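J.: With the input below, show me the fold.
(one chain, ligands or ions: 1)
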Amino acid sequence: MAIAINRKANFSDKLTTAIQKKNCCVVVGLDPHFDLIPESIKQQFSKLQDDAFKYAANVILEFNKQVIDTLEHLVGIVKLQIAFYELYGWQGIWSYAETIHYAKQKGLIVIGDVKRGDVPNTAAAYANAHIGQVSINNTTQIAFQSDAITVNPLLGVDSILPFIKNAETYDKGIFVLAKTSNPSSVEFQDLLCGTKKLHQIIAEKIHTWGSRSIGTYGYSAIGAVVGATYPEDILILRKTMPNAYLLIPGYGSQGATAEDIKNCFNSDGYGAIINASRSILYAYNNRSWKDKYGAQTWKEAAQNAVMNMKEDLNKCVPAQTR
Ligand SMILES: O=c1ccn([C@@H]2O[C@H](COP(=O)(O)O)[C@@H](O)[C@H]2O)c(=O)[nH]1
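T.: Below you'll find the predicted structure:
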């Protein structure tokens, strides 16, 4: 066991503890696709239907709460893709904030997939909104209680520094987009800058940025997003950023398998968390499970999807050494 010294609760330590507690590196992506939310939940709010956004926001929040209640014994980390909440205006953002609050009450680590990045002044406002606080008339308020967010490094170092500052000040985390999972990520992220691809240079920066926030387990508060769909890049990026937690999307619905992500872990068995959204939340709708599950049994289907994913990943994760 690593000896816990009396220090601040580094984000990466909280992440490692969450993985240890549930013996699970799966991140459940809370990406509410309204059409796929079971009717039984929608019926509970049928009286609100005249106010479409209010209705959608309430349905989404209830769905998320039920997802969390169903899966909290299996997983310790959730990721909310803010796009699916912004879709419903301020009511959608209300359900985003309330979902985060509910997940935090349940002791889960919450990642806001917000992909922010802007000129320094504006980046600081984003950072204070999502991984910080704001002072109004001498009172301190917190807009969103997320533990970490995703950030976009395209604007350069000065656009990332406010997020790093907040991560260090408030024991939060960031995951910097290094190599995204989409097919077109090659167009810009693989461009050669001298002899190196752009994503390689971003990874070197992430490694440097993380050196000031290394926790007890050897990981920093500055992580990276690396797509499961690019296994060759994972191999190189893992070595470039030995202290960074990699947030890996692309498993499941985007086609990546456990074999694709086997190189994202360090030899200690940590260093990566694997996200799946649609393949867990809407597992009941999976064609190959059509005879087994339906909308009435969506919770069982979601649980089964997580358990299968965990079993699948455990074949590839090195035995945890702590
Ligand atoms: O490179 C990236 C970065 C983020 N994402 C996000 O992850 C989930 C994936 O959802 P699935 O349903 O499991 O495909 C979604 O929120 C994306 O916005 C990504 O896919 N790739």
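J.: Check what contacts the lengthiest helix in the chain and list those residues.
T.: Counting residues, the longest helix found in the chain (DSSP state H) is helix 52-71. Residues from elsewhere that reach helix 52-71, judged by CB atoms under 8 Å, 6 or more residues apart in numbering: 28, 30, 32, 34, 37-38, 41-42, 44-45, 48-49, 78, 84-85, 88-92, 94-95, 98-99, 102-103, 106, 108, 280-281, 299, 302-303, 306. In short, each C-beta sits where N, CA and C put it, glycine included.
J.: do stretch 223-235 as well
T.: For stretch 223-235, the external contacting residues (CB under 8 Å, 6+ apart) are 12, 148, 150, 173-183, 185, 199, 202-203, 206, 210, 237, 241, 244-251, 254-256, 259-264, 274.
J.: Between the two ends of stretch 290-307, how far is it?
T.: 18 Å (CA to CA, to the nearest Å).
J.: what's the spacing between it and its chain's center?
T.: Averaged C-alpha coordinates place stretch 290-307 at 22 Å from its chain's average position (CA atoms, centre = their mean, to the nearest Å).
J.: residues of that stretch that come out buried?
T.: By 16 or more other CB atoms under 10 Å, the buried positions in stretch 290-307 come out as 293, 298, 299, 301, 302, 303, 304, 305, 306.
J.: Now do the last one against residue 38, distance only.
T.: Going from residue 306 to residue 38 by CB to CB, to the nearest Å gives 17 Å.
J.: pLDDT (mean, whole number) over the helix or strand harbouring residue 200?
T.: If you go by DSSP states H and E, residue 200 is part of helix 198-209. On average, the pLDDT along helix 198-209 is 98.
J.: Do any residues in that helix lie close to the ligand?
T.: No. Using CB under 6 Å from any ligand atom, we find that helix 198-209 stays clear of the ligand, coming within 11.0 Å at best.
J.: and that helix, what other elements does it pack with?
T.: Contacting helix 198-209 under the criterion 3 or more CB pairs under 8 Å, 6 or more residues apart in numbering; DSSP states H and E are the following elements: helix 157-170, strand 173-179, helix 185-189, strand 222-226, helix 231-240.
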